[in-house]
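> sequence and predicted model, in that order:
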Amino acid sequence: MKVNRLIIILLCIVCIAVSGILKSRAFCLGFLVSLWSFIFILYPNHKRRVLLAGLFLILCATSLAYQWKLSSSLGRVFIYKISFAILRDHYISGIGFGAFKRVYMDYQAAYFAKGHFSVRELLLADNTFYAFNDYLQIIIEGGIMGAVIVLGYLFVLIRFLISSFHSNDLIIYRAAFLLYLAISVAAFFTHIYDRPIFQVLAAISISILLYHTFPAFLKRNFRLYVPGSVLIILLIVLVNFIGRVVHYRAYNEYAEGIHLNEAGFKKEALDKLKRIYPELQNNSEYLAYYGQQLLNNGQTTEAVRILDQALKIITFNDLYNELGQCYYLSGEYAKAEAAYITAINMVPNRFVSRYDLYKFYRQTGQPDKAVIVGRAILNLPVKISSSMITYIKSIISKDLAVSIILEKN
């Protein structure tokens, strides 16, 4: 009994250490909460002391985790701010399961388009596809139904927590509960359940916990319990990987197409990408890459169609930037300007998006707008210095200097 308890404590400490080495603040907190709950169960006669000491320790750890990677923490706070704006508009029906990566960036673009933002928020903005809180994302996507799912999940977690006070010291039960609790806590601070490994680990943990929470019922139905648990785990694996298995050849050709393109065989690469379209037309990564290569090869009409198709699945600023280039080359200047501006508003700290709009204005004979955008670029705070930023600023500085000289003459 004492050996089992010591093993569990050591496992929690090792997991906390490994999480720290891997720089996963969410799992550091998750396993810390697991350790605290286990100690709370071990000392029922000192619940008040353990509770207060644990709360103090977790608050300190949360504060340290927040400061540990401050820019990342502030970035997540900003993501929550935009996410709650989505929730406010769709709290009843939700935006649809799986739609967060399509909707979020539109809201971020709308936020920056209004102009009421701080310099810090401008620098923190990035392409975002997750709410970094699985429960919040489920509620945003599912609305009331999502809230019911989250409440049901938390109810099960609390039910297992209560059962753990009356359970035996069987090590497999304790380990399963502490792993499930750690994953559940980590899901408050990052995206967990989009990854198959954590889906499988959670399913295995729940299966073990159910057996020890309802032993009489499940022992009577043991022949159904074991195959049922295995079937659920296999279904999780199947759902996550069936596309890769069924379209194995297409994914191989996709990889070959990327290598051919990087090696300079542009036409051959594009031919491969076209050939696998029927099989990968619902894969946003493929669509974005295919659309980019169509643009690079001058097939702007088809590129617009493919990029628009990608935007129905996922949204990020590069897609709009490429749409802007397609519309410009096709002579649809109003659509090009709108696409470039959307790309800028999605991630306003990106210099390349602004520089593309600046070039667009110069090439379409709109010098006044070009000057406004150029000055904005020169005054834009730098998130991460690079040679590209230096080059863009030097070009614009020269252009504006020439414009001033011409105006004086």
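Perfect, thanks for sending it. Residues are numbered from 1 along each chain as shown.
> what is the burial count for residue 294?
When neighbours are defined as other Cβ atoms under 10 Å, residue 294 has 23 of them. Just so you know, the C-beta spots here come from the backbone N, C-alpha and C atoms, and that holds for glycine as well.
> chain neighbours aside, what residue packs nearest to it?
residue 303 (3.7 Å; Cβ to Cβ, 6 or more residues apart in numbering).
> list the contacts of that neighbour.
Contact analysis of residue 303 by Cβ atoms under 8 Å, 6 or more residues apart in numbering lists 291-292, 294-295, 322, 326.
> show me which of those is closest to residue 110.
Proximity of those to residue 110 was ranked by Cβ to Cβ; the top entry is residue 322 with 20.6 Å.
> my guess is that closest one contacts residue 293, does it?
No - between residue 322 and residue 293 there is no contact under Cβ atoms under 8 Å: 10.4 Å.
> and these two? Which one has more around it.
Using other Cβ under 10 Å, the more surrounded residue of residue 322 and residue 293 is residue 322, with 25 against 21.
> now the element after the helix or strand the more buried one falls within, going C-ward?
Applying DSSP states H and E as the criterion places residue 322 in helix 317-329. Toward the C-terminus, helix 317-329 is succeeded by helix 333-346 as the next helix or strand (DSSP H and E).
> next up, the contacts around residue 292.
So residue 292 contacts 303, 322 (Cβ under 8 Å, 6+ apart).
> which pLDDT value belongs to it?
Here, the pLDDT recorded for residue 292 equals 95.
> distance of the closest residue to residue 20 other than its chain neighbours relative to residue 351?
Excluding the flanking residues, the one nearest residue 20 by Cβ to Cβ, 6+ apart is residue 28, at 5.6 Å. Residue 28 is 35 Å from residue 351, where distance means Cβ to Cβ, to the nearest Å.
> now the helices: where do they sit in the stretch 51-200 of the chain?
70-90, 100-113, 119-124, 134-142, 144-164, 171-186, 196-213 (DSSP state H, counting those that start in this stretch).
> try the stretch 251-400 of the chain
Assigned helices in the stretch 251-400 of the chain, in chain order: 266-275, 277-280, 284-296, 300-311, 317-329, 333-346, 351-363, 367-378, 387-408 (criterion: DSSP H, counting those that start in this stretch).
> returning to what we had before: who has more neighbours, residue 28 and residue 351?
Legend: neighbour count by other Cβ under 10 Å for residue 28 and residue 351, higher for residue 28 (25 against 20).
> could you list the low-pLDDT ranges of the stretch 201-350 of the chain?
215-222 (pLDDT under 70).
> residues near residue 106, how many?
Neighbourhood size, residue 106 [other Cβ under 10 Å]: 16.
> quick revisit: residues in contact with the helix holding residue 322?
105, 127, 288, 291-292, 295, 298, 300, 303-304, 307-308, 310-311, 333, 335-337, 339-340, 342-344, 346-347, 350, 352-353, 356-357, 360, 363-364.
> and it, how far from the chain's centre?
23 Å (Cα atoms, centre = their mean, to the nearest Å).
> tell me which other helices or strands the helix or strand hosting residue 39 touches.
Using DSSP H and E, residue 39 maps to helix 25-42. Helices and strands touching helix 25-42, by 3 or more Cβ pairs under 8 Å, 6 or more residues apart in numbering; DSSP states H and E, are helix 2-21, helix 47-68, helix 144-164, helix 171-186.
> tell me the most buried of these?
Comparing the helices and strands packed on helix 25-42 by mean neighbour count (mean count of other Cβ atoms under 10 Å), helix 171-186 comes out on top with a mean of 22.
> name the helices or strands packed onto that helix?
helix 2-21, helix 25-42, helix 144-164, helix 196-213.
> buried ones in stretch 129-141, by neighbour count?
Across stretch 129-141, burial judged by 16 or more other Cβ atoms under 10 Å covers 130-141.
> hmm, back to that, would you mind getting the angle between the helix holding residue 322 and helix 100-113?
70 degrees (axes from the mean of the first three to the mean of the last three Cα atoms, to 10 degrees).
> dump the C-alpha coordinates for helix 317-329 into PDB.
This file holds the C-alpha atoms of helix 317-329, laid out as PDB (Å, rounded to 0.1, in the frame of the first residue of the first chain):
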ATOM      1  CA  ASN A 317      -3.700  35.900 -43.600                       C
ATOM      2  CA  ASP A 318      -1.500  34.200 -46.300                       C
ATOM      3  CA  LEU A 319      -4.600  32.900 -48.100                       C
ATOM      4  CA  TYR A 320      -6.000  36.400 -48.400                       C
ATOM      5  CA  ASN A 321      -2.600  37.800 -49.400                       C
ATOM      6  CA  GLU A 322      -2.500  35.300 -52.200                       C
ATOM      7  CA  LEU A 323      -6.100  36.000 -53.200                       C
ATOM      8  CA  GLY A 324      -5.000  39.700 -53.400                       C
ATOM      9  CA  GLN A 325      -2.200  38.800 -55.800                       C
ATOM     10  CA  CYS A 326      -4.600  36.700 -57.900                       C
ATOM     11  CA  TYR A 327      -7.200  39.500 -58.200                       C
ATOM     12  CA  TYR A 328      -4.400  42.000 -59.100                       C
ATOM     13  CA  LEU A 329      -3.100  39.800 -61.900                       C
END
